[in-house]
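**Student:** Kindly return the folded structure for what I paste below:
(one chain, ligands or ions: 1)
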Amino acid sequence: MKKYQSLVIKPLLDENYPVISHGEGIYLYDKDGKAYIDAASGAVTASIGHGNAEIIEAMNEQAKKVSFVYRSQFTSDAVEELARELNEWAGGDEDYYTFFVNSGSEATETAMKIAIQHFQERGLPQKNKIISRWTSYHGITIGALSMSGHKKRRERFHSLLADYPVVAPPACYRCPFGETYPACHLKCADDLITAIEKNGAEHIAAFIAEPIIGAAGAAIVPPPGYYERIMEICREHDILFIADEVMTGIARCGTPLGINHWDVLPDIIALGKGLSAGYTPIAAALCTETVLEPIKNGSNFIMSGHTYSANPQSAATALAVLRYVRKHGLIERSKENGTYLKTKLKSLFNYFACIGDVRGAGMMVGIEFVQHRSSKKPFDSQLGFTQKLVKAAQNNGLLIYPAGTARTKGDGDAVIIAPPLITTKEEIDEIVHRLKQSIEQILLEMP
Ligand code: PLP
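**Tutor:** Predicted coordinates for the structure are as follows:
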């Protein structure tokens, strides 16, 4: 008999890998009938939970009309309506225009290309490098990975990656400068000046940042004033600011976008994940009219695109998700229940000295684990603390997201708790209970 199995799983070809049969609300059920609380929304994606009838109905309605048109021939009502809606979500007085793609990696890579093309069409083709932070993740494709500081995901492909400059992360728990806010005067933001001076502003197109650092840093929230200072520096040097909102966007952080925690409007915004809340693959790169202008007046063409870009089926799905989020007050709920979640997780300080830090915004909360809170010394990576915890939690019917930390560029032990935005306070209590139980179990096994 011929063998088969999809290769998306880890480890490859594992016959015992759980197979999900269905999902409902914040729960996923496997074929053996085991229920899991999806406290990571998959990969911080399924933000309105599973099996939502309103979204399924909207998907069916669009399928009855048309599921695919090719973007170089036609647009569709669903795509245009979604672009209009996203312009509202982006906020500010200036209009944002949207280029649709299918994954977060494509969104950041498109953002990068739009930034570079913007300067090309202004007659500045040498302005083509993108600065990022050494604790960052912007995607897995070669362009997106070139802008990412994620050590593990980069190391096999070094020879293919562009050698872009990186700056220090705004990580107060492990300040790269050994300072404390506010006495630090935002040295982490000013590190951008150092990188610009080293490389020459005439070679830099953009600075890209996750407003709140996700996979690589476990929900690191920069201090107040950080992005305002970043924006000032970008403006002074004619550099565009790209906000990678793939993880933080669409109500995840208790605000429409993660960047709304600061008073700045990015030049380019990348969206993914929560945009369709997992109901279909869709992502987007939004840019302001100012960014678009030289392209419109020049080649009048964005040199990018995929067969499935601007897919009407995906657009109708995302539109239904955005409307659902607004209609059910999920931005406000993310803020309120996110505060509750963080408080409950902080209460675990009383039980575990190995919890070093609890941080985040809205329904995206990170926990960093250390040998002892007083020393902040990380566990030996050989112990595989995070992997053990994620596994123990899964055995206890709880899905959590493994993440990196700002220590030595991405090592360390941390997880993100990011349940669907519909999660109730009672369900949050159950999440924290199962997490506590899982930590207790693995600590018993630690040497
Ligand atoms: N940007 C950020 C901030 C992300 O968290 C991710 C994925 O985790 C990506 C980009 C890449 O998105 P995708 O996995 O959809 O390609």
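**Student:** Beyond the worst-scoring helix or strand of the chain on mean pLDDT, next helix or strand please.
**Tutor:** Of all helical and strand segments in the chain, the minimum by mean pLDDT, DSSP states H and E falls on helix 151-154, at a mean of 85. Going down the chain from helix 151-154, the next helix or strand is strand 166-167, by DSSP states H and E.
**Student:** can you pull out the helices in the stretch 101-250 of the chain?
**Tutor:** Using DSSP state H, counting those that start in this stretch, the helices of the stretch 101-250 of the chain run over 104-121, 142-146, 151-154, 187-199, 226-236.
**Student:** picking that back up, could I get the buried residue list for the least confident helix or strand of the chain?
**Tutor:** Across helix 151-154, burial judged by 16 or more other CB atoms under 10 Å covers 153-154. Where C-beta positions appear, they are placed from N, C-alpha and C, glycine not excepted.
**Student:** can you check stretch 73-82 too?
**Tutor:** Taking 16+ other CB under 10 Å as the criterion, stretch 73-82 shows 76, 78-79, 81-82 as buried.
**Student:** can you list the residues of this structure near the ligand?
**Tutor:** Neighbours of the ligand within the chain, by CB under 6 Å from any ligand atom: 43, 103-105, 108, 137-140, 210, 214-215, 244, 246-247, 272.
**Student:** Residue 66 and the ligand: what is the separation?
**Tutor:** 25 Å (CB to the nearest ligand atom, to the nearest Å).
**Student:** Please tell me I have it right and that residue contacts residue 76.
**Tutor:** Yes: counting by CB atoms under 8 Å, residue 76 is a contact partner of residue 66 at 6.7 Å.
**Student:** Now do the shared contacts for those two.
**Tutor:** Taking CB atoms under 8 Å, 6 or more residues apart in numbering as the contact rule, residue 66 and residue 76 both touch residue 312.
**Student:** Give me whichever of the helices of the stretch 101-250 of the chain is most buried.
**Tutor:** Greatest average neighbour count among those goes to helix 104-121 (a mean of 26), per mean count of other CB atoms under 10 Å.
**Student:** and that helix, what other elements does it pack with?
**Tutor:** In terms of contacts (3 or more CB pairs under 8 Å, 6 or more residues apart in numbering; DSSP states H and E), helix 104-121 is packed against strand 96-101, helix 142-146, strand 204-209, strand 240-244, strand 268-271, strand 283-288, helix 289-297.
**Student:** closest to the ligand among the residues of the chain next to the ligand?
**Tutor:** residue 104 (2.2 Å; CB to the nearest ligand atom).
**Student:** isn't the closest one right up against residue 270?
**Tutor:** Yes: with contact defined as CB under 8 Å, residue 104 and residue 270 form a contacting pair (6.8 Å).
**Student:** Can I get the longest helix along the chain in PDB, CA atoms only?
**Tutor:** Ranked by residue count, the top helix of the chain under DSSP state H comes out as helix 425-445. Provided in PDB are the C-alpha atoms of helix 425-445 (Å, rounded to 0.1, in the frame of the first residue of the first chain):
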ATOM      1  CA  LYS A 425     -14.200  35.200  32.200                       C
ATOM      2  CA  GLU A 426     -15.300  31.700  33.500                       C
ATOM      3  CA  GLU A 427     -13.500  30.200  30.500                       C
ATOM      4  CA  ILE A 428     -10.400  32.300  31.300                       C
ATOM      5  CA  ASP A 429     -10.500  30.900  34.900                       C
ATOM      6  CA  GLU A 430     -10.500  27.400  33.400                       C
ATOM      7  CA  ILE A 431      -7.500  28.200  31.100                       C
ATOM      8  CA  VAL A 432      -5.500  29.500  34.000                       C
ATOM      9  CA  HIS A 433      -6.400  26.500  36.100                       C
ATOM     10  CA  ARG A 434      -5.200  24.100  33.400                       C
ATOM     11  CA  LEU A 435      -2.100  26.100  32.900                       C
ATOM     12  CA  LYS A 436      -1.300  26.000  36.600                       C
ATOM     13  CA  GLN A 437      -1.800  22.300  36.700                       C
ATOM     14  CA  SER A 438       0.500  21.900  33.600                       C
ATOM     15  CA  ILE A 439       3.300  24.000  35.200                       C
ATOM     16  CA  GLU A 440       3.100  21.900  38.400                       C
ATOM     17  CA  GLN A 441       3.400  18.700  36.400                       C
ATOM     18  CA  ILE A 442       6.400  19.700  34.500                       C
ATOM     19  CA  LEU A 443       8.200  21.200  37.500                       C
ATOM     20  CA  LEU A 444       8.000  17.800  39.100                       C
ATOM     21  CA  GLU A 445      10.000  16.400  36.200                       C
END
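**Student:** Begin at 50, not 1, for the rest of this chat.
**Tutor:** Got it, first residue is 50 now, which makes that one helix 474-494.
**Student:** Report pLDDT for residue 198.
**Tutor:** Predicted confidence (pLDDT) for residue 198: 88.
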